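>>> make a model of this:
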Amino acid sequence: MRQRKVLVVGDWFVDDHWVAGEHRSSTSSRIGKRHLRSLQSKESATESLCGAGRTASVLVSAEFRVSGVGICAEADEAVLLALLDSDQLANRNPHTLQRWADARKPKGIEFTNLGSKKSGTSRAIRIYEREGANVVLTARFDWETQVPKQLDLQPLIRLIRKEGQDIEAVVIKDLGKGLVRTKLVRVLAGDLSSVPWFVSTKEFLPSWQELLKDVDLRVFLIPELAARAAIGKPLRKEGTDRARRLTSWMVGSCEPSKGALTLLREFLLPLFPDRNRALGPGCVVVVADDSTVLALATEKNGFAFHHSLQAPMPPMPFSSVLLGALVRRVLDNPTRCPSELTEGAADFACEWRLAERRRATDHRNWSPAQEPTDDGRLEKTVGAEISTFDWKEKHEEWKRAFNPEHLGLVGPQASPRLELWRAMTELRGYICIGREKRRTVASLVQMLREFARSEVRKTESALLKASPGSGKSHLVKCLAHLGDFEVLRFDVSQLYRQEELIDCFDRISTTQAQLGRGTPLILFFDEVDSEFGGVPPYRSFLRPLEEGVYVRAEKLFHIRPAVWLFAASKFNPDHPKARDFRDRVGGELPLGSGDGEAADRQYEALERAYLGAATLKLAFPEIEEIKEDVLDMFVRLSGVSNRVLGRCTAAFFNVRQRRVDSSNIPWRWIEKKKISFERDAWEEARRRPPHPRWVRIVERPGGE
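Residues are numbered from 1 along each chain as shown. Just a heads-up that it's a prediction; the model follows:
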């Protein structure tokens, strides 16, 4: 069988994986602050390829011929290609100094070096250490070569002229190091536009992506780093003024969010123009996180894959393995939709990662010969959830769920559903539909994610402008669950002297000492606009926010970085130090009503329907269905806070048979509380056809 030849262009990196432990030698000198030793044996292998090299290794193991294009030191070309051969990896480790002198280039593998004489080979040295029962990545040292500003593409042009007829696919694996740029992509597209293209880039929406419309693009892969960069990024479609901001890729494990479907439809699926679809269906594949893959194809097919990790594991390559597996399956099955082939590709990538992690967790028994070889399977074998869908229908469902005129109901007319999770796309457990409120919650979520993810943390803060009873405490609780934060809550209105704030700071400092550095804290100060003798407390927060210190009895005490959330029903910038305080917290984030536009008011009314159903479910966990006119009643309750709405649902009476209808509404309670409600108009509306239907309440994606 003739081997197919694939051109793999991009950033070829070498990873060094070192498993280390504390060294307690009595003869060592110049040990510095920490003294570590390698735990790997002489038979182990520490080096491996990542990036474009890892993608190439997957294809080589599947018996493809690979022609690589990248940058490395001239003397390392043979070594770089030898890393593609697992048989040569054994015993290649720092136990010997001259360990690659006999490196042999694998048969059928070529490499075109676009570097200069000054170029080196990019490497990343990763240090793994054991913490309790887990092995964690504790340090990384990068040796990155400089990519020339003026890239000499003549070697690439000569390669294409010499072997262009034999190349059956172009694979681009861009790590954002500067090699893959407009000029290089234009050269490739000039002579190789008719062969299938597979592209992965860590730069979300790169400047050169428009050139992909002129080639036979089959797969555009967004790795996890690029997917993370898309969160919160303002994206403005040509010809429109309003910017879109993605807040999450997935809702639940296998359900794409409304924002993800909109972004892919408007910004990425257009990379596959109609004139090229006759060559084969195209597909956008998103690695939403280290265990979730989402794929949308031009043929309306959608696919989601979620692999639940049983235990924490050190980070290992995934997207580069997934790309290589996708290339094989698409070339093997040219008439199949790529989204359908994602299952087998993601399954192999998960299997490979599980085997590769043994390099760190079982370093004494691990061998490079144990690396899995891609067998081209089309179905899953590892434990994973999968979901297939028509993404256009899925997008229509999301639009109906956010339609105030239809109370957010989805599903068939005869048996509609109110899916509560659709109102929690910004933050799990927190119902939020109004645009301005969603932007606020999305900003908070992004801030907490960045804080939790960062190894070198710095203090983050925000000021929420929210009226009493608007659900601030519930919001903070949901935010805490997002990243396993601990919460310290302080009500400034219950303090009588400004000096009592020092006691709050003492409690913060003590709690941080007890929890240690690994547990992040949310410090929530409610009613921060309260006054002590006519003076607001803003001045007391300036040094803790700016310098991480506070003063008690003329002594300086430290507060480690944390997330400070302040809430105020009104904020008067005319008070002394108020402007300084607002500058430090980065301005105000509104959590209440929007800007007064009709659309925002409608969304707020729809939010009451979702919130009413959710609080009913909280008060009566056994209920499964609710009459449509009860949802309409929640919508018509104007001017009620979340707290009052929760008390209203708790006052429902005579609830039986897991159903709630208009006979259970606490009218006397509503009248007693003088809640504004036009009951006559509601009665007239519910008598008009179609008559109120029973609506099933669904709490989580995929079920109840």
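>>> list the buried residues of stretch 108-115.
Counting neighbours by 16 or more other CB atoms under 10 Å, one finds that the buried residues in stretch 108-115 are 109-115. Just so you know, the C-beta spots here come from the backbone N, C-alpha and C atoms, and that holds for glycine as well.
>>> can you put those in CSV and add pLDDT, distance to residue 403 and secondary structure?
Shown next, in CSV, are those (pLDDT from 0 to 100; distance: CB to CB, whole Å; DSSP: H, G, I helix; E, B strand; the rest coil):
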residue, pLDDT, distance to residue 403, secondary structure
109, 91, 56, strand
110, 93, 57, strand
111, 95, 55, strand
112, 95, 55, strand
113, 95, 57, strand
114, 95, 53, coil
115, 92, 56, coil
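>>> distance from the chain centre to the helix ranked longest in the chain, please.
Longest helix in the chain, counting residues (DSSP state H): helix 598-619. Centroid separation for helix 598-619 versus its chain: 27 Å, with CA atoms, centre = their mean, to the nearest Å.
>>> do you have the strands of the stretch 451-600 of the chain handy? List them.
Secondary structure of the stretch 451-600 of the chain by DSSP state E, counting those that start in this stretch: the strands cover 460-465, 486-491, 521-526, 549-552, 555-558, 563-568, 588-590.
>>> contacts for the shortest one?
In this case it means strand 588-590. By CB atoms under 8 Å, 6 or more residues apart in numbering, the list of residues contacting strand 588-590 from outside reads 436-437, 440, 443-444, 462-466, 571, 582.
>>> go on, the first one?
When contacts are defined by CB under 8 Å, 6+ apart, strand 460-465 is touched by residues 440, 443-444, 447-448, 450-451, 472, 475, 528, 545, 561-571, 582, 584-592.
>>> just those: which are in helices?
Under the assignment DSSP H, these contribute 440, 443-444, 447-448, 450-451, 472, 475, 545, 582, 584-585 to helices.
>>> tell me the helix or strand right after the worst-scoring helix or strand of the chain on mean pLDDT.
Sorted by mean pLDDT, DSSP states H and E, the helices and strands of the chain end with helix 274-277, the least confident at a mean of 59. For helix 274-277, the following helix or strand on the C-terminal side (DSSP states H and E) is strand 283-289.
>>> so what secondary structure elements neighbour that following strand?
strand 216-222, helix 224-230, strand 292-297, helix 319-332, helix 338-356 (3 or more CB pairs under 8 Å, 6 or more residues apart in numbering; DSSP states H and E).
>>> so what strands line up beside the third one?
Within its sheet, strand 292-297 is paired with strand 283-289 (antiparallel), strand 301-306 (antiparallel), according to DSSP bridges.
>>> what is the mean pLDDT for it?
Regarding strand 292-297, the rounded mean pLDDT is 94.
>>> now swap in the longest one and tell me
Taken as a whole, helix 338-356 carries a mean pLDDT of 93.
>>> list only buried entries from the contacts of strand 460-465.
For the contacts of strand 460-465, buried by 16+ other CB under 10 Å: 440, 443-444, 447-448, 450-451, 472, 475, 528, 545, 561-569, 571, 582, 584-585, 588-589, 591-592.
>>> if we can go back for a sec, columns mean pLDDT, mean neighbour count and distance to residue 372 on top of the strands paired with strand 292-297, output as a markdown table?
A markdown table is the format used below for the strands paired with strand 292-297 (pLDDT from 0 to 100; neighbours: other CB atoms under 10 Å; distance: least, CB to CB, whole Å):
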| stretch | mean pLDDT | mean neighbour count | distance to residue 372 |
| --- | --- | --- | --- |
| strand 283-289 | 94 | 24 | 19 |
| strand 301-306 | 94 | 24 | 17 |
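>>> can you pull up the most central residue in the chain?
The residue lying closest to the centre of the chain (CA atoms, centre = their mean) is residue 228, at 4.7 Å.
>>> list the buried ones in the longest helix of the chain?
So, applying 16+ other CB under 10 Å, buried residues of helix 598-619: 600-617, 619.
>>> kindly report the same for stretch 423-432.
Buried-residue list, stretch 423-432, by 16+ other CB under 10 Å: 423-427, 430-432.
>>> for stretch 251-261, same thing?
Neighbour counts over stretch 251-261 (16+ other CB under 10 Å) mark 251-261 as buried.
>>> quick revisit: would you turn the strands paired with strand 292-297 into CSV with distance to residue 3?
Output for the strands paired with strand 292-297, formatted as CSV (distance: least, CB to CB, whole Å):
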stretch, distance to residue 3
strand 283-289, 25
strand 301-306, 29
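>>> nearest to residue 521, out of those?
Residue 521 lies closest to strand 283-289 among the strands paired with strand 292-297, at 24.0 Å (CB to CB).
>>> what's the angle from that closest one to helix 338-356?
40 degrees (axes from the mean of the first three to the mean of the last three CA atoms, to 10 degrees).
>>> begin at 19 from now on, thanks
Yep, numbering from 19; the last one is strand 301-307 now.
>>> and strand 301-307 with strand 234-240, angle?
When the same axes, to 10 degrees is applied, the directions of strand 301-307 and strand 234-240 differ by 10 degrees.
>>> count of residues packed around the nearest residue to residue 714 once chain neighbours are set aside?
Nearest residue to residue 714 in three dimensions, chain neighbours excluded: residue 435, at 4.8 Å (CB to CB, 6 or more residues apart in numbering). Residue 435: 19 surrounding residues under other CB atoms under 10 Å.
>>> bridged to residue 435, which residues?
residue 428, residue 714.
>>> show me what residue 606 bridges to in the sheet.
Listed by DSSP bridges, the beta-bridge partners for residue 606 are residue 481.
>>> now do the contacts for residue 444.
Residue 444 touches 265-266, 450, 456, 459-460, 463, counting by CB under 8 Å, 6+ apart.
>>> scan the residues you listed and report the most crowded one.
Neighbour counts for the contacts of residue 444 (other CB under 10 Å) peak at residue 450, which has 25 neighbours.
>>> got any ranges where the stretch 219-368 of the chain has weak pLDDT?
293-297, 328-330 (pLDDT under 70).
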